[in-house]
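> okay, sequence plus prediction incoming.
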Amino acid sequence: MTKITFLGTADSIPSSGRNHTSILLTKNAENILVDCGEGTQRQIRKAKLNPCRITKILITHWHGDHVLGLPGLLSTLALSNYNKKIDIYGPEGTEEKFWNCLEVFSFRREYEIVFHEISSGVFYEDNEIILESEEMEHGVPCLAYSLIEKGHIRIKQEKLAEIGSGPHLKALKEGFDVEINGKKIKSKDYTYKEEDKKISIVMDTKLNPKIKKFVKNSDLFISEGTYSSDLKKEAKEHMHLTIGQVAEIAKKAKVKKLAVTHISSRYLKTLDSFLDEAKEVFLDTFLPRDLDTFNL
C-alpha cells in the first residue's frame, strides 16, 4: 500500500488554507517528496510527519511555487543530524540551479546529496516500486512522474488451509512446485499475482499528447487543473491545463480515480461548481485539500 499525503494544493499564489505544491508518497521505508514549494516543511510538521524520513525528492520543474521550500527543508535536515544519502531527481539543469540557490542560502551539512538529471523513462526500480518520468511542456524543462507499486505473488487464501504454513509457501511464491505428504503441489494452482498499482502525477504543463499515454490505466491520476474550462485561451498562454481538459484525459486514459490540485485561488469560493465541471466528464474526481491523505 502507498500513502499519498497532499502537503500543498495551491497554484502559484498560496492562500490561508492552501500551501504551495508538495506531495509525499510513502511506501514502506520510502518517503518520496514530489516538489517542495515554500512552506513545505511546516506542512510536514502539521501532518505530524518526520522530515528526516524523506529518502527521495522529485522536482517537476524549477518554478518558485514548486521549489522555494527546498533550501529550508534541506537545512532543517542538516540541523536534525540527517545521516542518510538523499537522492534528488529533476529535469535538465537541476544540479546547477540547486547549487546556485545555496550560494544565497548556504548551510553546513554532513549528509550526501546525489543529483539525477533525468528525461523520459524508468529512472529507479527495486523489489517494491518502479519510478518513471515523462517530459512535459511548460516553457522550462518539466517532468511528470509515476510510481508503480509492484504486485506480488500471493498464496490463494482458500488453498492455505489445504497446504498449511511453512517454508514451502516461499517456494510456491517463487514459482516452484513442491511435494506435501506425497502430493505434488503446483505453484500455478496455489498462487496468484496481485495487480500492479500506478500513481501518476502531472503538474504544470500545457495540453499535450504525452499526458494520456503516460497516465494510462493509473489507479490514481493526480493533476494540476489551474483553470476552469472557459479559460482555455489563458491556460494555453500560461502553459497550464483546465479542469475540463484533465477530466477528458482521465476518461480517455481509463484511469480509476482523478485528483485535481494546483487550483487557481480565484476558484476557492466556488470549488463545488469547479469540481462539477470535471464530474460531468469523469465522475470519480475529487479535489484534495492540504493535509488530505489517500491510501492506494
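Great, that's in hand.
> mind listing what residue 65 touches?
10-14, 20-21, 37-38 (CB atoms under 8 Å, 6 or more residues apart in numbering). (C-beta placed from N, C-alpha, C; glycine too.)
> what does residue 46 give?
Contacts for residue 46 (CB under 8 Å, 6+ apart) come out as residue 291.
> ok, now with 10 Å
Contacts for residue 46 were tallied using CB atoms under 10 Å, 6 or more residues apart in numbering; they are 7, 19, 39, 290-291.
> ok, residue 44 next?
Taking CB under 10 Å, 6+ apart, one finds 5, 7, 22, 24, 31, 33, 36, 50-51, 53-54, 69, 73, 76, 291 in contact with residue 44.
> same question for the helix or strand encompassing it, mean pLDDT?
Assigned by DSSP states H and E, residue 44 belongs to helix 40-46. For helix 40-46, mean pLDDT rounds to 97.
> buried residues in it?
40-41, 43-44 (16 or more other CB atoms under 10 Å).
> next one: stretch 187-198
Buried, per 16+ other CB under 10 Å, within stretch 187-198: 187, 190-191, 197-198.
> so of these, which ones are in strands?
The strands, defined by DSSP state E, take in 191, 197-198 from these.
> thinking again about what came up before, closest to residue 118 out of the buried residues of helix 40-46?
The closest of those to residue 118 turns out to be residue 40 (CB to CB; 21.3 Å).
> which one is the closest one nearest to, not counting chain neighbours?
Distances taken as CB to CB, 6 or more residues apart in numbering put residue 69 closest to residue 40, at 3.8 Å, once the chain neighbours are dropped.
> pull the contacting residues for residue 266.
By CB under 10 Å, 6+ apart, the contact set of residue 266 is 11, 13, 226-228, 231, 274.
> please apply the same query to residue 148.
Contact partners of residue 148, counting by CB under 10 Å, 6+ apart, are 2, 122, 125, 128-132, 196-200, 218-219.
> ok, residue 174 next?
Contact partners of residue 174, counting by CB under 10 Å, 6+ apart, are 153, 187, 191.
> could you pull out the helices for the stretch 1-150 of the chain?
Secondary structure of the stretch 1-150 of the chain by DSSP state H, counting those that start in this stretch: the helices cover 40-46, 64-67, 70-79, 94-104.
> buried ones in the third one?
Read it as helix 70-79. Under the neighbour-count criterion of 16+ other CB under 10 Å, helix 70-79 has 70-77 buried.
> could the residues you listed be laid out in a markdown table, adding pLDDT?
Below are the buried residues of helix 70-79 laid out as a markdown table (pLDDT from 0 to 100):
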| residue | pLDDT |
| --- | --- |
| 70 | 95 |
| 71 | 93 |
| 72 | 94 |
| 73 | 95 |
| 74 | 94 |
| 75 | 93 |
| 76 | 94 |
| 77 | 94 |
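> which pLDDT value goes with the residue nearest in space to the middle of the chain?
Closest residue to the average C-alpha location of the chain: residue 201 at 5.2 Å, with CA atoms, centre = their mean. Residue 201 is assigned 98 on the pLDDT scale.
> I'd say it and residue 260 touch.
No: using CB atoms under 10 Å, residue 201 is not in contact with residue 260, being 11.9 Å away.
> anything in contact with each of those two?
Residues touching both residue 201 and residue 260 (CB under 10 Å, 6+ apart): 221-224.
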